[in-house]
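Enquirer: Provided below are the primary sequence and the corresponding predicted coordinates.
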Amino acid sequence: MRKVLGMWGERHRVSTRVIIGLLGVSLGASLQAQAAGSIFDAPKKQEAPITPSGTPTTATEVVQGQNQMPMLQSNSDKLLQDAQARYASIVSQGGFPVVPNGNYKKGDHGGNVAILNKRLFIEGYLRVEGTQGQYAEIFTTATQDSVARFQHNHGLAVTGKVDAATIAELNVPADKRLATIAANVPRLATYEEGLGDRYIVVNVPAQQLEAVSGGRVFERHNVIVGRPARPTPVVMTALATVKFNPYWNAPVSIVEKDIIPKFDSNFTYLKEHDIKILRGGQNGEVVDPHTIDFKTVKLDDLLFRQEPGPENAMATAKIEFPSPFGIYLHDTPEKQMFNYNNRFYSSGCIRVQKVADLIDWILNGQDGYNPDRIATMAKTLERLDVPLTTPPQLRVAYLTAWPAAGGTVAFRNDVYEMDGSGFTVGQPMPVGEMSPDGKRFVLKPLPHAQSVDAAEAEGNGFFGKSNTLFGSSSKPAQGSLFSSGKQGGQASQGVPLGANGKPKGLFDWETYYKQHPKDGLTADVGKTLKKKKKKDQKTDSTLTAKATDTKAKTTTKTATAKAATDPNAAKAATADAKPVVKKKLKKKLDCTAGEGGKLPDGCKAPDAAAAANPVPVPDAPAPDAAKQP
């Protein structure tokens with residue numbers, strides 16, 4: 001089974017718009033027991049948006065020749081099993097001593113330092129001499145070096161001084177560390193199969209990528225990975241193609257919600273952002289947008305393609321690989337996001353810092369490529385795809401523990417809450433959600449709310465620092481051809497929100513159960529979905545009413561004219577209208593002028609200027625407005 005999963009990805013080829021495929025394996029019985037009905041409570045359990053924060057504690061750097069041990073190698077599982085036995089022994093002997101809160105540095109001494117030295121010795125960071133005789137209560141140079149190695153193994157700022165963050169990691173109970181190790185032994189055993197001599201490891205919990213040659217790390221890169229609501233899946237495959245200056249193909253959802261409304265109000269918008277419209281795919285004919293009636297056209301027949309350039313979502317390069325997931329490694333115009341330590345920010349894809357250095361390592365001199373030529377490609381914006389002749393292996397891994405130098409173990413936080421679930425490969429469910437059969441990950445593809453590209457595009461600032469492509473909000477322009485009156489939002493941290501104001505999940509459960517009625521959709525569950533739908537519709541109407549309050553304050557004559565021009569507007573107006581008290585209608589007066597031009601009582605003479613210049617209907621363009629030059 002392991003080998004089948006390990007090589008599965010190599011038998012699939014994907015395009016940039018492929019829907020995320022999902023894998024999974026069995027869960028423990030205890031988790032299954034907890035999962036009953038949980039999928040319908042998922043929005044309540046949805047993790048709050050994560051804000052990028054903190055100064056990076058890891059670096060993007062070339063470490064060739066420094067003999068540094070990689071996170072994953074051919075015998076990693078055996079090394080971690082050895083560590084597992086040591087930690088089991090520690091637990092059996094009472095675990096770790098608790099280090100008292102405080103700040104400790106070289107030169108400090110006393111009873112608290114003695115506890116610190118003993119704690120470091122038990123886990124293998126300090127030699128026994130550091131806990132004996134005159135050194136037992138002194139923060140020596142050896143203690144400082146031990147603390148620095150401990151900090152490095154736990155993703156902390158390496159200072160050699162003990163602070164609150166270091167104390168917190170030191171005081172994680174030994175039995176919890178043992179459980180984390182146990183969860184990662186089978187992962188390592190799976191990931192290390194078929195690695196070869198040159199491979200790339202992306203460890204999602206560590207937010208780092210390592211390029212490994214000959215069993216030692218050649219270079220490391222900080223990466224941006226999927227946030228808990230859009231987890232990055234585990235991939236085991238070989239790389240396939242390096243795409244210089246790639247196109248970005250806008251998903252239909254983005255075209256309808258963002259691009260066309262912008263074009264509707266600014267006919268130079270597509271040209272300003274270098275977006276072309278093609279009919280018939282990548283090699284189809286380029287269509288003049290001014291000849292298209294966007295009210296009637298079938299958007300699936302058109303491809304909205306952003307050309308290479310500074311605003312392109314993929315920036316200078318994209319690294320593709322066969323996988324059912326629809327994810328890839330790529331550059332980003334948002335270089336400033338690498339300035340943070342908490343980089344769980346994307347919608348599943350992996351953004352790589354200093355991607356040109358990684359590409360140079362991947363190509364390894366193929367076709368004469370070197371750093372200078374790669375830099376030139378970025379400057380010229382030349383579109384070029386380079387299939388790899390000797391592709392390195394890729395492991396997008398989920399490791400919260402792995403063997404480190406000197407027999408120690410490195411640990412990271414279980415950000416997707418997968419430890420204890422039996423997870424090794426596949427697509428983690430969003431934090432707080434379960435699969436239809438009550439698991440934390442899935443094997444078969446399930447319908448989801450958005451493609452990877454669509455979700456990435458909706459991320460805050462995905463198209464650069466200034467959000468110039470779609471503006472600061474992802475809402476359609478008021479009154480655009482595609483304005484439905486039902487608007488979604490955008491969290492300030494970049495997590496897309498649904499129309500009900502809650503973070504969008506990864507999967508469209510209602511659609512799934514409609515398509516799979518045998519997968520547990522009981523009558524009671526159906527009622528739950530209907531109640532939830534009605535509740536969300538009510539919430540949507542409230543949000544819409546607030547968002548469009550200013551626009552709504554127009555005259556009755558204007559609203560009537562708008563409804564007559566656009567049937568959709570009439571429906572939206574009806575849905576968003578506030579309850580009113582019904583009044584008995586008065587009989588309409590006949591204001592036809594009588595003899596001598598005299599009007600009947602109660603009739604008002606029309607204003608001459610107004611009659612000559614009728615009030616335009618706001619937000620309701622003429623049917624051919626999209627065709628205007």
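Expert: Yep, that arrived. Residues are numbered from 1 along each chain as shown.
Enquirer: direction included, what does the one helix or strand Lys276 maps to pair against?
Expert: Here Lys276, judged by DSSP states H and E, is contained in strand 275-279. Partner strands and pairing direction for strand 275-279 (DSSP bridges) are strand 285-286 (antiparallel), strand 302-306 (antiparallel).
Enquirer: just the CA trace of the longest one, in PDB.
Expert: Coordinates of each C-alpha in strand 302-306 appear next as PDB, following Å, rounded to 0.1, in the frame of the first residue of the first chain:
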ATOM      1  CA  LEU A 302     -13.400  32.100 -22.600                       C
ATOM      2  CA  LEU A 303     -10.000  32.100 -21.000                       C
ATOM      3  CA  PHE A 304      -8.900  35.200 -19.100                       C
ATOM      4  CA  ARG A 305      -5.100  35.000 -19.100                       C
ATOM      5  CA  GLN A 306      -2.800  37.400 -17.300                       C
END
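Enquirer: what's the average pLDDT for it?
Expert: Confidence over strand 302-306 (mean pLDDT, whole number) is 93.
Enquirer: low-confidence ranges in the protein?
Expert: Judged by pLDDT under 70, the chain has its weakly predicted residues at 1-50, 444-629.
Enquirer: strands of the stretch 101-250 of the chain, start to end?
Expert: 198-203, 208-213, 216-226, 235-238, 241-244, 248-249 (DSSP state E, counting those that start in this stretch).
Enquirer: what's the following helix or strand after the shortest one?
Expert: Downstream of strand 248-249, the next assigned helix or strand under DSSP H and E is helix 252-254.
Enquirer: which strands or helices does that next one pack on?
Expert: Here helix 252-254 touches helix 452-458, going by 3 or more Cβ pairs under 8 Å, 6 or more residues apart in numbering; DSSP states H and E. Glycine gets a C-beta too; all of them are placed from N, C-alpha and C.
Enquirer: thinking again about what came up before, list the buried ones in the strand holding Lys276?
Expert: 275, 277-278 (16 or more other Cβ atoms under 10 Å).
Enquirer: need the CA coordinates for that strand. CSV is fine.
Expert: Extracted C-alpha coordinates of strand 275-279, given in CSV (Å, rounded to 0.1, in the frame of the first residue of the first chain):
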residue,chain,number,x,y,z
ILE,A,275,-5.2,40.4,-19.2
LYS,A,276,-6.1,38.9,-22.5
ILE,A,277,-9.3,37.0,-23.4
LEU,A,278,-8.9,33.9,-25.6
ARG,A,279,-11.6,31.7,-27.1
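Enquirer: give me the residues contacting that strand.
Expert: Strand 275-279 is contacted from outside by 250, 259, 269-270, 284-287, 289, 292, 301-307, using Cβ atoms under 8 Å, 6 or more residues apart in numbering.
Enquirer: just to revisit the earlier point, to Gln144, which of the strands paired with strand 275-279 lies closest?
Expert: strand 302-306 (51.4 Å; Cβ to Cβ).
Enquirer: tell me what the very next helix or strand once past the closest one is packed against?
Expert: Helices and strands here follow DSSP H and E; after strand 302-306, the next one along the chain is strand 317-320. Judged by 3+ Cβ pairs under 8 Å, 6+ apart, strand 317-320 is in contact with strand 241-244, strand 329-330, helix 355-363.
Enquirer: thinking again about what came up before, buried subset of the contacts of strand 275-279?
Expert: 250, 259, 269-270, 287, 289, 292, 302-306.
Enquirer: out of those residues, the closest to Tyr125 would be?
Expert: Among those, and counting by Cβ to Cβ, the member closest to Tyr125 is Gln306, at 50.3 Å.
Enquirer: any idea how far the closest one lies from Lys318?
Expert: Using Cβ to Cβ, to the nearest Å, Gln306 is found at 13 Å from Lys318.
Enquirer: quick revisit: tell me which of the strands paired with strand 275-279 lies nearest to Gln207.
Expert: strand 302-306 (27.2 Å).
Enquirer: thinking again about what came up before, okay, the buried ones among the contacts of strand 275-279 in CSV with distance to Pro392 next?
Expert: Listed next are the buried ones among the contacts of strand 275-279 as CSV, based on distance: Cβ to Cβ, whole Å:
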residue, distance to Pro392
Ala250, 31
Ile259, 36
Tyr269, 41
Leu270, 38
Val287, 40
Pro289, 42
Ile292, 44
Leu302, 37
Leu303, 31
Phe304, 33
Arg305, 29
Gln306, 29
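Enquirer: in the stretch 351-500 of the chain, mark out all the strands, start to finish.
Expert: Under DSSP E, counting those that start in this stretch, the stretch 351-500 of the chain gives strands at 384-387, 393-397, 401-403, 409-411, 427-428, 441-442, 489-490, 496-497.
Enquirer: put the alpha carbons of the longest one into CSV.
Expert: Think strand 393-397. Taking Å, rounded to 0.1, in the frame of the first residue of the first chain, the C-alpha atoms of strand 393-397 are listed here in CSV:
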residue,chain,number,x,y,z
GLN,A,393,12.2,13.9,-6.3
LEU,A,394,9.8,16.0,-4.3
ARG,A,395,8.3,15.4,-0.8
VAL,A,396,5.8,17.8,0.5
ALA,A,397,5.8,16.4,4.0
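Enquirer: so which elements touch that strand?
Expert: Using 3+ Cβ pairs under 8 Å, 6+ apart, strand 393-397 sits against helix 174-191, strand 198-203, strand 235-238.
Enquirer: repeat that for 10 Å
Expert: Other elements packing on strand 393-397 under the criterion 3 or more Cβ pairs under 10 Å, 6 or more residues apart in numbering; DSSP states H and E are helix 174-191, strand 198-203, strand 208-213, strand 235-238.
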